[in-house]
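> sequence plus predicted model, see below.
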Amino acid sequence: MHSTLLERFATLLKADSASVRSYLLDSEREAEVYYVPFEEVNIDAKLVLVGITPGPTQMNTAHRVAGVALRGSLPAAGVLRKAKQTAAFDGMRPRINEMLDHFMIPQKLGLNSAASLWGSNYDFFHPTSIIPNAAFKAGKYFNGPFNDVLSRTIFRREFENGFVTTFAQLAKKPFVIAMGPVVDEAMKWCIANGAVAASQYLGYLPHPSGNAGSQFSYFMRKKRIDDLKPKDPVRHRAADLDAAYFVMAQNVRERLDFTKS
C-alpha cells in the first residue's frame, strides 16, 4: 500500500479547511495535477473500470472522507480504501451500474450486481483513472484528448507511473472497461505496450456524466436516432456509439459467458 502521499497531505486532510490549491502535486504551463487519495489497488479485482481523471466532485468527496477517517485514527490502508470506495465515480454510479447490469457483466463474473461492486463486492473491483490524481487544463477539468496525456510530462508521469504500473499488481488478470473513447485510446496504448492483454479489454462505455446529453439514452437503446433532435450532437456520434455497443456485447458474450467465479 503506497501511503507516502497520504502522509504528506494528512495534516491538510485532517484540518478539512485547506483550499484545493493546497493539494497541488505538479504543474506544467496551464496543466495542473492535484492529489486525490486514490492510491489503493484491489489486487484481487475481477473487473477494472477506468475513467480519465477524478473530477471536482470525486476529489472533494475523497478529501472529505479521508479527513474524517484520519481524524478517526484509521490506519493509512483503511483511509485510502474508505476514500476510494466512497468517492470513485461519485455522482456517476447510477448510470454506470445500469450499463454494467445491462450487459450482465458483474453477474457473469459471479458477482451480485453492479451496485454491489461499490459495497459487498468491492474487493473484486478496481475503479481507477488513466490520470489517477485530479488533472486540470487551463483551469478546467481535463477530459482529453489522449495525445495530451502523452505529450505533457506531468500527465504522462501520472499515466505511466500511477496507472499503467498498477496492472502488474492485479493478480487475477481482470477484465477492463473504459469510460469513453479517450480512455479507449489509452487502453489500446496499454495493449500495444504489453501492460494489458487484449483478451482482458472488453471495450468502452459512454462517459456517464450528466453533461453528456442524450448519448447515454441512445447507447442504452432508450432512444433511437430518429428520437434525437435535429441539432443533437449525438447524431454525429451515433455510429461510434453503435460500434462501442456491439464490441461490448460481443466481447461479453465471447469472453464472459464461460467465465467461472
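Done, it's in.

> now the top helix by length along the chain: average pLDDT?
In the chain, taking DSSP state H as the definition, the longest helix is helix 234-251. Here helix 234-251 scores 95 as its mean pLDDT.

> mind listing what's buried along that helix?
234, 237-238, 241, 244-245, 248, 251 (16 or more other C-beta atoms under 10 Å). Placement of C-beta: from N, CA and C, glycine included.

> with stretch 48-56 instead?
Of all the residues in stretch 48-56, those buried under the rule 16+ other C-beta under 10 Å are 48-55.

> run the chain-centre distance for it.
3 Å (C-alpha atoms, centre = their mean, to the nearest Å).

> do the same with stretch 65-83
Remark: stretch 65-83 is offset 21 Å from the chain centroid, using C-alpha atoms, centre = their mean.

> now do it: distance from first to last residue.
The first and final residues of stretch 65-83 sit 5 Å from each other (C-alpha to C-alpha, to the nearest Å).

> where do the helices sit along the stretch 1-150 of the chain?
All helices of the stretch 1-150 of the chain, identified by DSSP state H, counting those that start in this stretch, fall at 4-15, 56-71, 76-87, 93-102, 105-108, 146-151.

> between those, which gets nearest to F124?
For F124, the closest of the helices of the stretch 1-150 of the chain is helix 105-108, at 8.9 Å, according to C-beta to C-beta.

> buried sites along the closest one?
Buried, per 16+ other C-beta under 10 Å, within helix 105-108: 105-106, 108.

> for the record, mean pLDDT for it?
Average pLDDT, helix 105-108: 96.

> quick one: the strands in the stretch 151-261 of the chain?
175-179, 201-205 (DSSP state E, counting those that start in this stretch).

> now those strands in a markdown table, with mean neighbour count?
Output for the strands of the stretch 151-261 of the chain, formatted as a markdown table (neighbours: other C-beta atoms under 10 Å):
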| stretch | mean neighbour count |
| --- | --- |
| strand 175-179 | 24 |
| strand 201-205 | 23 |
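
> closest one to I191 among those strands?
strand 201-205 (6.2 Å).

> how about residues contacting that closest one?
Applying C-beta atoms under 8 Å, 6 or more residues apart in numbering, the contact partners of strand 201-205 are 96, 99-100, 105, 175-181, 183-184, 187-188, 191, 219, 244, 247-248, 251-252, 255-256.

> all set, thanks.
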